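In: quick one: sequence plus predicted model below, questions after.
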Amino acid sequence: MTTSPLLQVRLSGTGGQGLILAGRMLAEACMSGGRYVAQSQSYEPTSRGGVSRSDLVVSDGETDYPLITHLDALVIMDQSAVKISEAFIDTSTVIVADADLVPEPPVGDFCLTRLPFTSEARRLRNIRVANVISLGTLATLTDICTFEELEEAVGHLTPSKFRDKNLHALHTGRTLAKMQTT
């Protein structure tokens, strides 16, 4: 039996920002919570700098269509990725954007949170953890998965020498989100 998607999520930015890995982390977190996940990804042929995205369709059972048709949640990590998602945004979409790299986020009647993911990653002395910071924020602001499920997935999919730094980045994202909502 097929079911309708519960959530449709996109992580978008540019190549080199770790969005495909972040999508895998989020997918694993959702699956560990007992949900089904269809993940697709797209990136331009340039290794760094081209538009990149990771899409997830999350449901309680097998879905009849594994690609997004609208967005419940959207992470935008670079200005160049704004346009690729505009057609999928509606009033119920939760958008999380990097305040440093997305000076002109989408405009509309939806929930938009802009936070300094890149600045925080620099503060942590590793620009490459901005993706994980955004995941911590996303999990805190939505019910895509529990923070604990995501924490376990990040720990599992991160090489041991980077695990502590990525877990710290995940908690930084949660802290940023909590500061935003208080």
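Out: Sure, I can see it.

In: now do the contacts for residue 120.
Out: By Cβ atoms under 8 Å, 6 or more residues apart in numbering, the residues touching residue 120 are 130, 133, 169, 172-173, 176. For the C-beta atoms, the positions are set from N, CA and C on the backbone; glycine is no exception.

In: now with 6 Å?
Out: The neighbourhood of residue 120, defined by Cβ atoms under 6 Å, 6 or more residues apart in numbering, consists of 133, 172.

In: where does it fall, phi/psi-wise?
Out: Note on residue 120: its backbone torsions stand at phi -70, psi -40 [degrees, to the nearest 10].

In: and residue 63, by the same measure?
Out: Dihedral angles (degrees, to the nearest 10) for residue 63: phi -100, psi 150.

In: so what pairs up with it in the strands?
Out: Counting by DSSP bridges, residue 63 is bridged to residue 3.

In: neighbours around it, how many?
Out: Residue 63 is flanked by 19 other residues according to other Cβ atoms under 10 Å.

In: what does residue 181 give?
Out: 9.

In: kindly format the C-alpha coordinates of whichever helix in the chain runs longest as PDB.
Out: Of all the elements of type helix in the chain, the one with the most residues (DSSP state H) is helix 160-181. The C-alpha atoms that make up helix 160-181 are tabulated as PDB, following Å, rounded to 0.1, in the frame of the first residue of the first chain:
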ATOM      1  CA  SER A 160      35.700   9.500  13.600                       C
ATOM      2  CA  LYS A 161      38.300  12.200  13.400                       C
ATOM      3  CA  PHE A 162      35.500  14.800  12.600                       C
ATOM      4  CA  ARG A 163      32.700  13.400  14.800                       C
ATOM      5  CA  ASP A 164      33.200  15.600  17.800                       C
ATOM      6  CA  LYS A 165      33.400  18.700  15.600                       C
ATOM      7  CA  ASN A 166      30.200  17.800  13.700                       C
ATOM      8  CA  LEU A 167      28.300  16.900  16.800                       C
ATOM      9  CA  HIS A 168      29.300  20.300  18.300                       C
ATOM     10  CA  ALA A 169      28.100  22.000  15.100                       C
ATOM     11  CA  LEU A 170      24.800  20.200  15.300                       C
ATOM     12  CA  HIS A 171      24.300  21.400  18.900                       C
ATOM     13  CA  THR A 172      25.300  24.900  17.800                       C
ATOM     14  CA  GLY A 173      22.500  24.800  15.200                       C
ATOM     15  CA  ARG A 174      20.000  23.800  17.900                       C
ATOM     16  CA  THR A 175      21.200  26.700  20.100                       C
ATOM     17  CA  LEU A 176      20.800  29.200  17.300                       C
ATOM     18  CA  ALA A 177      17.300  28.000  16.700                       C
ATOM     19  CA  LYS A 178      16.300  28.100  20.300                       C
ATOM     20  CA  MET A 179      17.700  31.700  20.600                       C
ATOM     21  CA  GLN A 180      15.600  32.600  17.600                       C
ATOM     22  CA  THR A 181      12.400  31.300  19.000                       C
END
